[in-house]
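Chemist: sharing a sequence plus its predicted fold:
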Amino acid sequence: MLRKIIITLLCTFITLNLLAQGEGNIWHFGTNAGLDFNGGAPVALLGGQLSTQEGCATISDPLGNLLFYTDGLTVYDRNHAVMPNGNGLLGSGSSTQSGVIVPKPGDPNIYYLFTTPVNSADGLNYNEVDMTLNGGNGDINANKNILLVQPVAEKVCAISHANGSSFWVITRVLLTNEFHAFEVSSTGINTTAVVSSVGQVVTSQSMGIGCLKPSVDGTKLASANRSPTPSVGLFDFDNATGVVSNPIILSGMFTGAGPYGVEFSPSNQFIYVAEGSSTMYQFDISTFTLAAITASQFTFPSLGPSGNSGYWSLQLGPDSVIYASAHLYGWISGFTNPNMPGMASNPVGDLVFLDGANCRLGLPTFVQSFFSPTGGITSFNYCFGDSTGINGSTNGDSVIWNFDDPASGINNTSKTLLNKHVFTSTGVYDVTMISFNQGIPDTTFHQLTIDPVPNVNLGNDLFLCPNEKVEISAYLPIPGLTYLWDDNSTSAIREITETGTYFVKVQLNDCEDSDTIYVEVSDGVFTDFELKIDQRLPLCFGDTVILNGYHPNTLGYSWQDSSITDSFFTVSGPGTYYVELFDTCEIVLFPITIEYVICDTPTICNTMVGAGAFSPNRDGLNDYFRVRTECPVTNFQMGVYNRWGQEVYYTNDIDHKGWNGRLEGQQSEVGDYVWFVRFRDKDNFNYTEKGVVTLIR
C-alpha cells in the first residue's frame with residue numbers, strides 16, 4: 001500500500017509534489033519551444049514544429065508519452081509530422097486559447113480537439129482524433145470542424161466532471177454574457193450546452209482576448225478580459241451541473257495593457273494574473289467577496305531580465321509550479337510555491353532555459369484536472385475559532401477522514417473530499433484521509449497547527465500632563481508573535497510623548513488582531529490665564545478693587561495670604577498679589593501688581609446703594625435686585641457674580657429693572673452674591689461700588 005506523507009508546519013502547508021496524470025507532462029509552444037516533465041523537474045524539449053504567436057494545446061498518454069499537439073490550425077503527431085488530415089482546422093495561432101484536447105472517457109484511442117478562432121464567425125468547433133489511424137500515430141477522422149456554437153471569444157477550457165469520469169468544455173459567447181458548458185462523456189460530446197447567463201457581456205472580439213481557466217478542483221472559473229475595460233471575472237462553477245454563477249469582477253487595479261493570462265494555485269486559494277507587462281498580480285479568493293479579494297491584491301515587482309518584454313500566459317504544471325511566458329524570451333518564468341502568499345510564492349524570472357527556443361504569448365491549454373495532485377491534502381485557515389479548510393484529492397471512489405480532534409464528536413470524521421472543520425483547541429493535529437479504490441485503502445497523512453488568535457488590548461485612552469511620557473504595551477505571552485505599529489516599529493512596547501492616535505497589529509502567522517489608543521499630552525490648562533480686575537489702574541487711595549481669579553478647570557484657589565479660597569480677592573492697598581491655580585498635573589502662580597495714587601475726588605453724588613436681600617418668587621414683592629443713586633450718572637455698568645466668580649447678571653442700563661435671580665432661564669441657588677457697579681458722576685469722576693446681596697426664596 002502506497003503511503004503518502006504530507007506535513008504542514010507553522011500554519012503553512014506543503015503539499016507532496018506527486019506528479020498527476022501524465023497527460024500534461026509534455027508541452028509544445030512558442031517558437032519551437034518545449035518542456036518535458038516526465039523526470040519531475042522540467043527540462044527543455046527540442047524538435048517541436050510549432051511556431052505560434054498565442055494559443056496551442058498538447059496531449060500525452062497517461063504515462064507521459066507525447067501523442068500530438070496543435071496551434072488550432074494544424075495537428076502534429078508524436079513524430080512531429082503533420083497528421084494526414086491534420087490541416088485546415090478552424091482555430092488560429094493568434095487566438096488566445098486556440099484549442100484544448102480532451103480524452104474520450106472509456107476509450108483510450110479517441111480524443112476530442114476543440115478549437116476557437118481569432119475570427120469569431122468560425123465559432124467553437126471540435127475534431128475527433130483516432131489514435132489507431134496513421135499507423136498508430138493518430139489522425140483526424142471524418143468528424144472534423146464540427147460547429148458547436150458561434151460566435152465565440154478566444155476562450156476555451158476543460159475540467160473534470162464531478163462524477164469523476166466525464167469532462168466539461170467551457171467557452172464564452174460573443175455579444176452576450178453567456179457561458180456554454182459542453183459535457184464530454186463515454187457516449188461522446190453532448191452538443192446541447194448548459195448555458196449560464198452571468199457576469200459581463202463580451203461586447204467585442206477585443207474584449208474576448210484573454211484566457212479562461214478553471215481551478216483544479218473544478219469549483220471556480222477565471223476569465224481575463226483585455227479590453228475595453230481591463231478586468232478579470234471570477235465565478236463559481238458547479239462541476240456536477242455545468243452551471244456558472246456568482247460573478248465577481250475585478251477592475252481598476254490593472255496598470256498594463258489589460259489581463260491576458262490567469263491561473264489558480266493548486267490549493268485553489270490564490271488567483272494569478274498577467275497582463276502583457278512586467279507586472280503580475282496575486283489575489284486571495286478564499287473569502288469569495290469583491291471587498292476581500294480586492295483588499296488581498298499583491299503586485300509582484302518586475303522579475304527584471306533585460307530580454308523579458310512582459311508576461312502573458314500562465315499555466316499550472318504537473319509539478320505544481322505556475323509557469324509564465326514572456327514574449328520572445330529564451331527562458332520560461334514562474335512561481336515555484338504558488339500556494340503561498342506574496343513573495344513567498346517565489347517568483348523566478350529565469351526558471352527554465354529553453355535551449356535556444358523562445359516563448360511567445362501563449363502556453364498550452366490542458367484539461368486542468370490533469371494537474372490536480374493524486375492522493376493529496378491541502379489545508380488553509382489555521383486560526384482558532386475559524387473554519388479550517390481541509391481538502392483532498394484522490395483517484396479513489398470513496399474517502400474517510402479523521403481530523404484528530406475527538407473532542408469535536410461526530411464532526412471528527414467526514415466522507416467528503418472538501419471539508420471545513422472547527423478545531424476545539426489550539427495545537428498540532430495529525431489529519432488522515434483513507435481513500436478506497438475498489439475496496440483497497442490508501443492512507444494520506446497531513447499535519448497542521450491551529451494557532452491561538454491574539455487578543456491585544458492597549459487599554460483606555462490616556463491623558464498625560466505636560467512633558468509626561470508613558471509606555472503602552474501590546475505584549476501577549478504567546479511565542480512567535482510579531483508586532484507592527486503605525487510607525488513601522490516592531491517592539492511589543494512603545495514610548496509615547498506626543499498627542500496622537502496609536503495603532504498596533506499583533507500577528508501569529510495568519511492570525512492577527514489590532515487595537516488603537518488615543519493619548520493626549522496636555523499643553524497646560526492655565527496657559528492663557530491672567531488675573532482680572534474690575535477697573536483700570538492706578539487706583540485712588542481709599543478705593544478697593546476685586547481680583548477675579550476664576551478658571552473653570554482649576555481644582556481650587558490659594559491667594560497670597562492663604563486665607564481666601566474663593567475665586568475673588570479684595571484689594572484695598574498697593575502691592576503685588578497672586579493666586580495659585582492647580583489641577584492634577586500642575587500648580588501655577590499668577591501675580592499682579594496694584595498701584596495706588598492720590599486723587600482729588602469729589603465726595604458728592606459718588607455712591608450707590610442696593611438692598612441686602614431679595615426674594616425672586618414672583619409674588620410682586622422684592623422680585624428684582626438693583627442699585628440706586630440720587631444723582632445723575634453716566635457710563636453705568638453693573639455685574640452680579642456667584643461664589644465661583646461666574647457672572648450671573650450684567651447691565652449697562654441705569655434704569656434697568658434688575659436681576660430676577662435667574663441664569664440662562666434657570667433659577668440660581670439660594671445664597672450670597674457679590675455685586676459691583678462702575679459709573680461716572682456729573683463731574684466726570686469714575687467710581688466703583690460693591691456689595692453683597694442675599695438671594696432668598
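Modeler: That came through fine.
Chemist: switch to C-alpha atoms for all contacts and neighbour counts from now on
Modeler: Fine.
Chemist: so E23 lies in a helix, does it not?
Modeler: Yes. Assigned with DSSP: H, G, I helix; E, B strand; the rest coil, E23 falls within a helix.
Chemist: nearest spatial neighbour of it, chain-adjacent residues omitted?
Modeler: S60 (4.3 Å; Cα to Cα, 6 or more residues apart in numbering).
Chemist: list the contacts of that neighbour.
Modeler: Residues in contact with S60 (Cα atoms under 8 Å, 6 or more residues apart in numbering) are G22, E23, G24, N25, I26, L66, L67, F68.
Chemist: what is the nearest of these to V399?
Modeler: Nearest to V399 out of those is G22 (Cα to Cα; 23.5 Å).
Chemist: neighbours around that closest one, how many?
Modeler: 20 (other Cα atoms under 10 Å).
Chemist: now D528
Modeler: 6.
Chemist: what of the one 5 residues further on?
Modeler: By other Cα under 10 Å, the residues close to I533 number 18.
Chemist: what does the one 5 residues further on give?
Modeler: P538 has 13 neighbouring residues, counting by other Cα under 10 Å.
Chemist: how close does it sit to M638?
Modeler: From P538 across to M638, the span is 21 Å (Cα to Cα, to the nearest Å).
Chemist: how's this structure carved up into domains?
Modeler: Under the assignment automatic domain parsing, the domains of the chain span 24-371, 385-450, 462-521, 532-597, 609-695.
Chemist: need the contacts of S60 in a markdown table (columns: pLDDT).
Modeler: What follows is these, written out as a markdown table (pLDDT from 0 to 100):
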| residue | pLDDT |
| --- | --- |
| G22 | 83 |
| E23 | 90 |
| G24 | 93 |
| N25 | 93 |
| I26 | 96 |
| L66 | 96 |
| L67 | 97 |
| F68 | 98 |
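Chemist: please, which helix or strand holds Q49?
Modeler: Using DSSP states H and E, Q49 maps to neither a helix nor a strand.
Chemist: please determine how far it is located from Q667.
Modeler: Q49 is 102 Å from Q667, by Cα to Cα.
Chemist: the two: who's more crowded?
Modeler: For Q49 versus Q667, the count of surrounding residues by other Cα under 10 Å is larger for Q49: 22 against 12.
Chemist: how about the contacts made by E495?
Modeler: The contact partners of E495, by Cα under 8 Å, 6+ apart, come to K469, V470, E471, I472.
Chemist: just checking, the second one touches E498?
Modeler: So that's V470. No. Using Cα atoms under 8 Å as the test, V470 is too far from E498 to be in contact (9.7 Å).
Chemist: beta partners of the residue nearest to E23?
Modeler: L66 (DSSP bridges).
Chemist: again with T299
Modeler: Note on T299: beta-bridge partners Y281, judged by DSSP bridges.
Chemist: and it, how far is that from V149?
Modeler: As for T299, its distance to V149 is 37 Å (criterion: Cα to Cα).
Chemist: just to be sure, I410 is in a helix?
Modeler: Yes. Under three-state DSSP, I410 sits within a helix.
Chemist: phi first, then psi, for the most centrally placed residue in the chain.
Modeler: With distances taken as Cα atoms, centre = their mean, A295 lies nearest the centre of the chain, 3.1 Å away. The phi and psi values for A295, taken as degrees, to the nearest 10, are phi -70, psi -20.
Chemist: any regions of the stretch 301-450 of the chain where pLDDT drops low?
Modeler: Within the stretch 301-450 of the chain, the segments meeting pLDDT under 70 span 304-309, 373-375, 395-396, 437-438.
Chemist: what about 50?
Modeler: The model of the stretch 301-450 of the chain has no residue with pLDDT under 50.
Chemist: what about D623, how many neighbours?
Modeler: 18.
Chemist: repeat for D217
Modeler: Residue crowding around D217 was assessed by other Cα under 10 Å; the count is 25.
Chemist: identify the residues contacting it.
Modeler: N268, S369, S372.
Chemist: A strand includes the second one, no?
Modeler: Meaning S369. No. Assessed with three-state DSSP, S369 is helix; it does not lie in a strand.
Chemist: ok, now which ones touch the nearest residue to it once chain neighbours are set aside?
Modeler: Take S369 and drop its neighbours on the chain: the residue closest to it by Cα to Cα, 6+ apart is V216, 5.1 Å away. By Cα under 8 Å, 6+ apart, V216 lies in contact with I159, F264, P266, N268, Q368, S369, F371, S372.
Chemist: could I get these in a markdown table, plus columns for neighbour count and distance to G427?
Modeler: Output for the contacts of V216, formatted as a markdown table (neighbours: other Cα atoms under 10 Å; distance: Cα to Cα, whole Å):
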| residue | neighbour count | distance to G427 |
| --- | --- | --- |
| I159 | 25 | 37 |
| F264 | 30 | 30 |
| P266 | 26 | 26 |
| N268 | 21 | 25 |
| Q368 | 22 | 35 |
| S369 | 20 | 33 |
| F371 | 26 | 32 |
| S372 | 26 | 29 |
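Chemist: and S563, what element?
Modeler: Short version, using DSSP H and E: S563 is in no helix or strand.
Chemist: count the residues that sit near it.
Modeler: Based on other Cα under 10 Å, the number of other residues close to S563 is 9.
Chemist: P247 and F237 touch, don't they?
Modeler: No. In this structure, P247 is not within contact of F237 by Cα under 8 Å, at 10.2 Å.
Chemist: coming back round to it: list only buried entries from the contacts of S60.
Modeler: G22, E23, G24, N25, I26, L66, L67, F68 (16 or more other Cα atoms under 10 Å).
Chemist: which two among those are spaced furthest apart?
Modeler: The widest separation within those (Cα to Cα) is 13.6 Å, between G22 and F68.
Chemist: so who does I400 touch?
Modeler: T413, S414, K415, T416, M433, I434, S435.
Chemist: one more: L508?
Modeler: If you count contacts by Cα under 8 Å, 6+ apart, then L508 has D451, P452, V453, P454, G480, L481, T482 around it.
Chemist: all strands of the stretch 501-650 of the chain, in order?
Modeler: 511-521, 532-533, 539-540, 545-548, 557-559, 568-571, 575-582, 587-594, 596-597, 609-610, 613-614, 627-628, 634-641, 647-651 (DSSP state E, counting those that start in this stretch).
Chemist: worst average pLDDT in the ones you listed?
Modeler: With a mean of 66, strand 609-610 has the lowest mean pLDDT of the strands of the stretch 501-650 of the chain.
Chemist: how far away is A407 from S425?
Modeler: For A407 relative to S425 (Cα to Cα), the value is 9 Å.
Chemist: could you find the closest non-adjacent residue to L46?
Modeler: In space, L46 is closest to G34, 6.0 Å off (Cα to Cα, 6+ apart).
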